[in-house]
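>>> need a structure here:
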Amino acid sequence: MSFQEFGLEEKIVHGAQRLRYIDPTPIQAEAIPRILAGVDIIGSAQTGTGKTAAFVLPMLSKLKNTGKLRALIVEPTRELAAQVFEVCQDLSHFTDMHITLLHGGVKYENQKKSLSQNPDVVIATPGRLLDHLQQKQLNFNCLEMLVIDEADRMLDMGFIPDIRRIINYCPDKRQTLLFSATVAQAIESLASWAMVNPEKIIIGHRQSPAETVAHAFYPVARDQKFELLLELLEQSHYESVIVFCRTKAETDKISSWLDTHGHTVAVLHSDRSQSQRTKALQEFKAGKAEVLVATDIAARGLDISTVTHVINFDIPQNPEDYVHRIGRTGRAAATGDALTLITGEDLDQVRSIEHYIGKSVEKKKIANFCYTYTALLDKSPRAKSSSRSRRRKR
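Sure, this is the predicted structure:
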C-alpha cells in the first residue's frame, strides 16, 4: 500500500512526501490502519524500521481540529523527545498544528509560554512533564491519544512509576499506544492496567540485529584497546561513526584522546549540559564531527541515517543494549558495520550476547597490528579488516 491508500489526511500525506517517504515499512503498514481505527496497540519492531512515523502519521491525521491538547507522546530521554518533536513538526508542516516539546536541562519559561498557546501535541520526558502537571501548566481534559514510546527503556531507567502517575492524569476514554523493543512482565502489567484489549504488532525477530549490519568481535589485550580503536578507525574507511563507552568518565577520556590524534569528535552523555548535548548531535548530524563518542544514552532510538559504523569500545553490559547500539547503523535498509572490542574480562558478556541473538559472532584480527598476547587471540582467525570499503570524508 501507499501512504495515500491508508486514508491519512491529505496534508499529512503531503508532509510524508516532503520527507520523501515512499513505501510504508512493515511496522507502518501494520500499525497505521489499526491506529486510525482507534485500536490500542502494543508495537515492537527492529530498530531503524520507521517506528516513529508508524504512530506519528496516524496520530496527526486523527487530530483534525486544532486548539486543544489532544495527543501526548512520552519519551525516556531528551534526545529521543527532541527527535520525535522534529518528526512531528516535519510531518505536520502543511497544517496549523501547534506542537510543544517538554524536557529537562532547559528553563521553564519558554515551555510555559508554549503551553499557554494551547498546543495540540505535547512530546515530553516523564520528569519535566510531571513538573508541569503539578504546577497546573497543562491538563489532559481533552486528551484523545497517549503514546508511551521505548517502554522497555522507561523500565530500565526506573520511569514506570512516573508513567503510571502520568496515566492517572489522563482521561479513561482515550487511545493508548505502547512501543517497546521487548515486552517484559512489568511492561505486560503496565499494558494490562493502562490499555483496553490491545492488539500486538511484532515485526521481525526482536533479539536479532538488522540484516543490513555486518558485525564482529575484535579480541585485544586491555592495555591495547585504544591503539586498536585508532587502527580500526584508520582501516574502516568510515564516513560517520559512533564510539560507545560504558561510563561518562571514559567517554570524556576517549574523546580527548581521539581529538589529540586528529579526529573531529562530538561527545554525548548525561553529565553534559542540554546545550552541549544538542550541539553535539547537531554537529554530528551535519558532518562537522565525524566521530560521536557516547554512553548508552545514544543507543536507543536516535535516527541518524548517515552513520556507517558503530564501534563498541566497551562491550555493553546487557545483550539487549548490544542489539540497540549496533542498530544505530544500517538504518532504513542501508548497510552498516559494527565492531566490538573484547578483552578476557568480557567473556561472560560475549556469551550472553551470542545466546541472546542465537548465533556466534565472528572473532577477527586486524592485519599488520602488533598485538600484545592474550589467550583470546588463539581462538581468532587472522583476518583482514572486516569493514566494507567506503570513501572516508576528508
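>>> where do the helices of the protein begin and end?
When secondary structure is read from DSSP state H, the chain shows helices at 10-18, 26-36, 51-62, 78-91, 108-115, 126-134, 151-156, 160-169, 185-194, 225-235, 248-260, 274-286, 319-326, 347-357.
>>> tell me the mean pLDDT over the fifth one?
The average pLDDT for helix 108-115 rounds to 93.
>>> what comes into contact with that helix?
With contacts defined as C-beta atoms under 8 Å, 6 or more residues apart in numbering, helix 108-115 is touched by His98, Thr100, Leu101, Leu102, Val122, Arg128, Asp131, His132, Gln137, Leu138. For the C-beta atoms, the positions are set from N, CA and C on the backbone; glycine is no exception.
>>> tell me what angle it forms with helix 126-134.
With axes from the mean of the first three to the mean of the last three C-alpha atoms, to 10 degrees defining the directions, helix 108-115 sits at 70 degrees from helix 126-134.
>>> tell me the buried residues in helix 108-115?
Gln111, Ser114, Leu115 (16 or more other C-beta atoms under 10 Å).
>>> what's the spacing between that helix and its chain's center?
26 Å (C-alpha atoms, centre = their mean, to the nearest Å).
>>> and stretch 145-159, by the same measure?
12 Å.
>>> cool, stretch 340-359 as well?
Stretch 340-359 sits 22 Å away from the centroid of its parent chain (C-alpha atoms, centre = their mean).
>>> please begin residue numbering at 351 from this point
Fine by me, first position is 351 from now on; the one you just mentioned is stretch 690-709.
>>> contacts for that stretch next, please.
Residues contacting stretch 690-709 (C-beta under 8 Å, 6+ apart): 557-559, 565-572, 575, 578-579, 661-670, 672-673, 710-711, 713, 724-726.
>>> ok, now how distant is Gln439 from Asn718?
Going from Gln439 to Asn718 by C-beta to C-beta, to the nearest Å gives 49 Å.
>>> the more surrounded of these two?
Gln439 (15 against 9; other C-beta atoms under 10 Å).
>>> of all the buried residues of helix 458-465, which comes closest to Ile592?
Gln461 (29.4 Å; C-beta to C-beta).
>>> who are the contact partners of Thr450?
Gln461, Ser464, Leu465, Pro469, Val471, Val472, Ile473.
>>> now Gly400
So Gly400 contacts Pro374, Thr375, Ile377, Gln378, Ala682 (C-beta under 8 Å, 6+ apart).
>>> ditto for Val424
Val424 touches Ala474, Thr475, Pro476, Leu479, Leu496, Val497, Ile498, Asp499, Met504, Ile513, Ile516, counting by C-beta under 8 Å, 6+ apart.
>>> coming back round to it: show the buried residues in the contacts of Gly400.
Pro374, Thr375, Ile377, Gln378.
>>> once you drop chain neighbours, what's closest to the second one?
Nearest non-adjacent residue to Thr375, counting by C-beta to C-beta, 6 or more residues apart in numbering: Gly400, 3.9 Å away.
>>> from Ala366, how far out is the one you found?
On the measure of C-beta to C-beta, Gly400 and Ala366 end up 11 Å apart.
>>> what's across from the spatially closest residue to Arg627 that is not a sequence neighbour in the sheet?
Among residues not flanking Arg627 along the chain, Leu618 sits closest, at 5.9 Å (C-beta to C-beta, 6+ apart). Following DSSP bridges, Leu618 is listed with bridge partners Ala644.
>>> Leu618: neighbour count?
24.
>>> give me the local confidence score for it.
As summarised for this prediction, Leu618 has a pLDDT of 91.
>>> so where's the stretch 501-650 of the chain shaky on pLDDT?
554-558 (pLDDT under 70).
>>> on that earlier part again, restricted to strands, list the contacts of stretch 690-709.
Taking DSSP state E, the ones among the contacts of stretch 690-709 that sit in strands are His565, Ala566, Phe567, Tyr568, Pro569, Ile661, Asn662.
>>> identify, from those residues, the entry nearest to Ile392.
For those, the nearest to Ile392 is His565 (28.1 Å; C-beta to C-beta).
>>> spatially nearest residue to the closest one, not counting backbone neighbours?
Ala688 (3.9 Å).
>>> partners of the one you found in the sheet?
His565, Val660.
>>> my read is that it contacts His674, right?
No: at 11.1 Å, Ala688 does not count as touching His674 under the criterion of C-beta atoms under 8 Å.
>>> so which of these two has more stuff around it?
Neighbour count, other C-beta under 10 Å: between Ala688 and His674, Ala688 has more, with 28 against 24.
>>> contacting residues for the more buried one?
With C-beta under 8 Å, 6+ apart, Ala688 has these contacts: 559, 563-566, 659-662, 675-676, 679-680.
>>> what about the helices of the chain, which gets the closest to Gly393?
helix 376-386 (5.7 Å).
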